[in-house]
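Participant: mind looking at a prediction? Sequence and model below.
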2 protein chains.
Amino acid sequence: MSVPPRYRARSRVDVSGEESRAKAVAVATELFALTGFKGTSVAAVAARTGLSQSGLLHHFPSKAALLTAVLEERDRQDGDFLAGSAGPPLGWAAFDALGALVARNSTRPHLVGLFVRLAAEATEPAHPAHGWVQEHYSGLRRWLTDAVHAGQARGEISQDAPVGSLVRMTIAVVDGLQQQWLLHPDEMSMTAEFEAFTATLRARWGR
Amino acid sequence: MSVPPRYRARSRVDVSGEESRAKAVAVATELFALTGFKGTSVAAVAARTGLSQSGLLHHFPSKAALLTAVLEERDRQDGDFLAGSAGPPLGWAAFDALGALVARNSTRPHLVGLFVRLAAEATEPAHPAHGWVQEHYSGLRRWLTDAVHAGQARGEISQDAPVGSLVRMTIAVVDGLQQQWLLHPDEMSMTAEFEAFTATLRARWGR
DNA sequence: AACCACCGACCGTGTGGTCGGTCGGTATAT
DNA sequence: ATATACCGACCGACCACACGGTCGGTGGTT
């Protein structure tokens, strides 16, 4: 004697689907950034997207799939940025490009939050984004290492420079500054601090 | 008609209470480090401690209280370390002390994990450890800033050094190296990387 | 008798995910 | 021109489970 279910009148026409999907990714990006992956519920994303939970799950089979979509979108947006229009930047130009990325990130705190939280959460090997984070770091390191080597080849960077350490500490500075900036956004400028760092680098290993 | 509850035979004698408490804190430290605060259940901590969930909650009224205890314990263990026996270290000695702390942390990955995960999680203002993390950073920055100023006063560090940036980038390097180390523990040495960094600093602003 | 350490049962809430269904639109057959 | 078949988008109801936390106890020690 199950009562036949009632359905709300459709409040508006179904949007194109692709549109809903995109909005969901945007919302998820923001929420994951704010409260982390574990700390964000599918229902919350759905609500802010304007869908029911099942509606959202219609586009993404699972929460992890949603995360993957978010990550892919971020890669797509940032991917070209460091690549440069005419091949990847070499030598100190790579550090400038990184500085430009930092400046750009200063405009988008939610993306920074997303990354910082995710990088920490995904340290756990079982985390759905663990592989992604590992690859992200490896890729970044390879990119910067190549640039430094090229800089040495053209005599722009000293042959004595400890390339590996240089690369690692540069990435470390970027990450660490993000952490501090999220904690006290208006007490500091990531851009300025990063430039102070690269200035020190140039003074030590330049020319 | 509630059935009178059965009780398992006590498997072993009640331990001293203080002992259970301490063990719970140790276990919680490890679990929080592994899966974060949000990602760790009270039940899991209880199980690994050898208590029931209620037994654990007998010692700590809430999960947040357990976190507080963990944090206090960490402060207690690390607090004296940077202080030094005869007053806080000044000038470059402070960087050496920091290096020693990094070296010590290389021995205790779970503490590093705890801090990295917590620092990221607690970026969210509503997080129970938000205040703690903010204070932790402020305190660290003040400590290092004072040390650098003292170093300048005794002519050990250049007057031209941008103190604020120097402090911020140093802390950033420590944090960033921890992140990388957690991701690829046996591909790098935090200690070596940190020393390479301080060497650069000394070369640029020393004497 | 009082106290302490501890436990089992239970509760309300929130979780990710499934299921069967409705609806508008479009392609096709007649 | 109309009927039919199908599809993608979406929803409400529901589920099993895990969560943090409460409550009323027991059993040993002092």
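Facilitator: Everything's here; your move.
Participant: look up the closest residue to the spatially most central residue of chain A, ignoring the ones flanking it.
Facilitator: Centroid-nearest residue in chain A: A:F115, 4.5 Å away (criterion: CA atoms, centre = their mean). The spatially closest residue to A:F115, leaving aside those adjacent along the chain, is A:Q178, at 7.2 Å (CB to CB, 6 or more residues apart in numbering or on different chains). For the C-beta atoms, the positions are set from N, CA and C on the backbone; glycine is no exception.
Participant: what pLDDT is listed against A:R207?
Facilitator: At A:R207, the model reports a pLDDT of 75.
Participant: residues of the helix or strand harbouring A:G99 that come out buried?
Facilitator: Taking DSSP states H and E as the criterion, A:G99 maps to helix A:92-105. Using 16 or more other CB atoms under 10 Å in any protein chain shown as the test for burial, helix A:92-105 gives A:W92, A:A94, A:F95, A:A97, A:L98, A:G99, A:V102, A:N105.
Participant: repeat that for stretch A:22-42.
Facilitator: Within stretch A:22-42, judged by 16+ other CB under 10 Å, the buried ones are A:24-25, A:27-40, A:42.
Participant: pretty sure A:P128 is touching A:A64, no?
Facilitator: Yes. Under the criterion of CB atoms under 8 Å, A:P128 makes contact with A:A64 at 4.2 Å.
Participant: who has more neighbours, those two?
Facilitator: Between A:P128 and A:A64, counted using other CB atoms under 10 Å in any protein chain shown, the more crowded position is A:P128 (19 against 13).
Participant: quick one, what contacts the residue nearest to A:F115?
Facilitator: A:N105, A:V112, A:F115, A:V116, A:M190 (CB atoms under 8 Å, 6 or more residues apart in numbering or on different chains).
Participant: farthest-separated two in these?
Facilitator: The largest distance within these, taken as CB to CB, falls between A:F115 and A:M190 and amounts to 12.8 Å.
Participant: just list what the helix holding A:G99 packs against, helices and strands only.
Facilitator: helix A:63-83, helix A:130-153, helix A:163-183, helix A:190-205 (3 or more CB pairs under 8 Å, 6 or more residues apart in numbering or on different chains; DSSP states H and E).
Participant: of those helices, which stretch is the most buried?
Facilitator: helix A:163-183 (a mean of 23; mean count of other CB atoms under 10 Å in any protein chain shown).
Participant: now do it against helix B:163-183, angle only.
Facilitator: Counting by axes from the mean of the first three to the mean of the last three CA atoms, to 10 degrees, helix A:163-183 lies at 110 degrees to helix B:163-183.
Participant: how near is A:L101 to A:Q77?
Facilitator: 11 Å (CB to CB, to the nearest Å).
Participant: same deal with A:R142?
Facilitator: From A:R142 to A:Q77 the distance is 20 Å (CB to CB).
Participant: likewise A:S189?
Facilitator: 23 Å.
Participant: what does A:L140 give?
Facilitator: A:L140 is 15 Å from A:Q77, by CB to CB.
Participant: and if you look at A:G151?
Facilitator: If you go by CB to CB, the gap between A:G151 and A:Q77 works out to 27 Å.
Participant: just A:K23 next, same as before
Facilitator: To A:Q77, A:K23 is 16 Å away according to CB to CB.
Participant: same check, this time on A:E187
Facilitator: Taken as CB to CB, the span from A:E187 to A:Q77 is 28 Å.
Participant: does the helix or strand bottoming out on mean pLDDT in chain A reach DNA strand C?
Facilitator: Using mean pLDDT, DSSP states H and E, the weakest-scoring helix or strand in chain A turns out to be helix A:63-83, at a mean of 87. Yes. For helix A:63-83, a contact with DNA strand C is found by CB under 7 Å from any atom of the strand, at A:K63, A:A64.
Participant: off-centre distance for that helix?
Facilitator: Its chain's C-alpha centre and that of helix A:63-83 lie 7 Å apart, by CA atoms, centre = their mean, to the nearest Å.
Participant: swap in stretch A:75-90?
Facilitator: Worked out by CA atoms, centre = their mean, stretch A:75-90 lies 14 Å from the chain centre.
Participant: outside of that stretch, which residues touch it?
Facilitator: When contacts are defined by CB under 8 Å, 6+ apart, stretch A:75-90 is touched by residues A:94, A:96-98, A:100-101, A:104, A:143, A:146-147, A:150-151, A:154.
Participant: same check, this time on stretch A:31-42
Facilitator: Outside stretch A:31-42, the residues that touch it by CB under 8 Å, 6+ apart are A:28, A:44-45, A:48, A:53, A:56-57, A:63, A:66-67, A:70, A:109-114, A:117-118, A:121, A:127-129, B:36, B:38-39, B:120-121, B:124.
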